[in-house]
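Asker: turn this into a structure:
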Amino acid sequence: MLSAWTKDGLVRLILNPDDEDLAGWTSVAVPDDYDELCHRWTGTEFVLDLTYLKAAKQLAISDGFKAATLAGCMSPKGKVDCDEVAQGRVDRMVRLIEKAQQAALPVPAVVSWTMYDKSQIDHSYADLVGLGIAIGFHFTNLFSVKQTKEMALEAATTRADIDDIDTHGGYPS
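Answerer: Numbering: from 1, shown residues only. Coordinates of the predicted model:
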């Protein structure tokens, strides 16, 4: 059984106190759920401190979000990339076509767009607008799931609360 002993604000965690010279040391309570990642010694007692676990879980949530965005999403013409880079490419192409139309410059009837599987599919201006909308809504839905996970993490008050947060699941496909 783990025991703790203090002297001059320091603490020693000891598995077998009978084998130690503890003269001048005072026994202190160790929480039943003691975990070196969740408890911090204040100089007088152990307190629950979830800072490390929350930081690690936040990184895992971010990794899960990134994995979900890199998994692509469905558009009217098939599966496409749906990360921020893809959103920017679609937006720039739509704006480029609009500027060319405003300047009375020739605009191709279709643009060959690279899909998630690297195939090329022709997209009209209307198709590109639909593609941008599909990517934008999908990304917004992914971000909403990520924010829900982050709010649960912020509200977590126990290690079990943190452990219960699924970092990679729950994202729309």
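
Asker: got the domain ranges for the protein?
Answerer: 3-49, 52-163 (automatic domain parsing).

Asker: quick one: which of the ones you listed is nearest Tyr171?
Answerer: domain 52-163 (3.8 Å; CB to CB). For every residue, glycine as well, the C-beta is placed using N, CA and C.

Asker: for the helix or strand Phe139 falls within, buried residues please.
Answerer: Taking DSSP states H and E as the definition, Phe139 sits inside helix 125-155. Applying a neighbour-count criterion of 16 or more other CB atoms under 10 Å, one finds 125, 127-132, 134-135, 138-139, 142, 145-146, 149-150, 152-153 buried in helix 125-155.

Asker: quick revisit: deepest of the domains of the chain, which one?
Answerer: Neighbour counts (mean count of other CB atoms under 10 Å) averaged over each of the domains of the chain peak at domain 52-163, with a mean of 15.

Asker: quick one: contacts for Gly43?
Answerer: By CB atoms under 8 Å, 6 or more residues apart in numbering, the contact set of Gly43 is Gly9.

Asker: quick check: it vs Leu22, distance?
Answerer: 18 Å (CB to CB, to the nearest Å).

Asker: the residue of the chain positioned farthest from its centre: what secondary structure?
Answerer: The centre of the chain is farthest from one residue, Ala23, which by CA atoms, centre = their mean lies 48.7 Å away. Under DSSP: H, G, I helix; E, B strand; the rest coil, Ala23 falls in the coil class.

Asker: surely Lys79 touches Lys118?
Answerer: No. Using CB atoms under 8 Å, Lys79 is not in contact with Lys118; the gap is 11.0 Å.
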